[in-house]
Structures are given as structure tokens and as C-alpha cells.
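S.K.: sequence below, structure please.
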Amino acid sequence: MVYVFLADGFEEVEALTPIDVLRRAGVDVRTVGVTGKTVTGAHGVPMIADLLPEETDLASADLIFLPGGMPGTKNLYASDFVRNAVEKVLADGHYVSAICAAPSIVLGGMGILNGKRATCYPGMEDGMVGAIAQAVPCVWDGKIITGRGAGAAFDFALTLCEALCGRETADKIAASVCYAR
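M.R.: Below you'll find the predicted structure:
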């Protein structure tokens, strides 16, 4: 199970691209409305979340995903539920992923990138405390996967797919949408 945490002000492309790619691969993906059942993206696109935090079974999480966007990322970091979920999923040995501002504000703010290779939106690297910042579209280091920004959404989504389903499945999905990896 993959849980995508959405908070008002999330970046739509960064949220929807991984949802779409993972569902194409047959992965069970659920959106969680951290700020309510209807969550509005940074560009005014409303989404109705599948679940609210209290309906989320973190014990079933193979991966949780934090999209970027402003003020969405700050809203994610302000949530006790989100911070506790990140800690629990990592402690359980599963994946935590974040893109754009979320690696810096949420993961960096929590101090969990120390010694890890990671990427984030350009100019926000200082927030990734202790990380080995990489200026690339996507970084997979152990159980943490980070993406740079909206332009890297497909690379990031395919990396999540590869982590959960294998390289062959990720390559098939990429080919099916005419994306050159």
C-alpha cells in the first residue's frame, strides 16, 4: 500500500504523476487528506482524498509519499500525523519519499537525511540538514527516495515504481507513456 499525503497547497504535478504511474503498475495507492477530505493544490486544483489521517493504516504502508508545493509542504510539516507517520514507516523498514520542497522542509526538518544522498528544489538544499545534496532529478538512498521538482515528476514516479515493482515494470510503464528513461 502507498499513501500519498496531501495538504492544501500541494504541487499537483508532483502528486498526480506518481499516483498515475503507480496505479498503472497495479500498486494500491490511496491519497490521505491531511488538511481535510477536499484538498486544494497550489494552482487551485481541488482533489477529494481517499482517506483522512484517522482512516489510514500505517502498518500496511510499503511507501509513503510527500509531494512538494507551497504552502503544502509547510502544511505537511505542521502535521503531527505526517511527522509520526514518517518516523513509523522508516522504523518499520519501509520507504519514505518526498519531492521538491518536502525533502528539505519535512525530511530535513525532521533530521532524517543525515548522511543520506538526497535532492530537493534548487536553493533549498540548506534545509536538508546533514544530507549529501545531489543536483539530479531523483535520488534513491536506502529507504528514502527524493525528487527535485515538478519537472522531475516522471523520473521520481518511475523510481518509486522500480522500488516497489522492479526495474522491468518501471521500464514497461515508461514505454507505455512514451517516456524515455
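S.K.: can you list the buried residues in stretch 119-133?
M.R.: Neighbour-count burial for stretch 119-133, counted by 16 or more other CB atoms under 10 Å, picks out 119-121, 124-125, 127-128, 131, 133. In this view, the C-beta of every residue, glycine as well, is placed from N, C-alpha and C.
S.K.: tell me which residues are up against that stretch.
M.R.: Here stretch 119-133 makes contact (CB atoms under 8 Å, 6 or more residues apart in numbering) with 68, 100-105, 107-109, 111, 113-118, 134-139, 146-149, 152.
S.K.: just stretch 157-167 next, same as before
M.R.: 2, 17-18, 20-22, 25-27, 62-63, 65, 95, 97, 138, 140, 145, 147, 169-170, 173-174, 179, 181.
S.K.: just the buried members of the residues you listed?
M.R.: 2, 17-18, 20-22, 25, 27, 63, 65, 95, 97, 138, 140, 145, 147, 169-170, 173-174.
S.K.: now, these that are in strands?
M.R.: Of these, the ones assigned to strands by DSSP state E are 2, 63, 65, 95, 97, 138, 140, 145, 147.
S.K.: what residues does the fifth one make contact with?
M.R.: Under the criterion of CB under 8 Å, 6+ apart, the contact list for S97 reads 18, 63-66, 144-147, 156, 160.
S.K.: out of the residues you listed, who's nearest E87?
M.R.: Minimum distance to E87 across those is 10.7 Å, recorded for I64 (CB to CB).
S.K.: surely the closest one and V96 touch.
M.R.: Yes. Applying CB atoms under 8 Å as the test, I64 and V96 come out as touching, 5.7 Å apart.
S.K.: shared neighbours of those two, anything?
M.R.: Common contact partners of I64 and V96 (CB under 8 Å, 6+ apart): 86, 89.
S.K.: before we move on, back to that, farthest-apart pair in the ones in strands among the buried ones among the contacts of stretch 157-167, please.
M.R.: Using CB to CB, the pair of these lying farthest apart is V2 and C138, separated by 16.3 Å.
S.K.: what sits closest to S176 if chain neighbours are left out?
M.R.: Once flanking residues are discounted, S176 sits nearest to R24: 7.0 Å by CB to CB, 6 or more residues apart in numbering.
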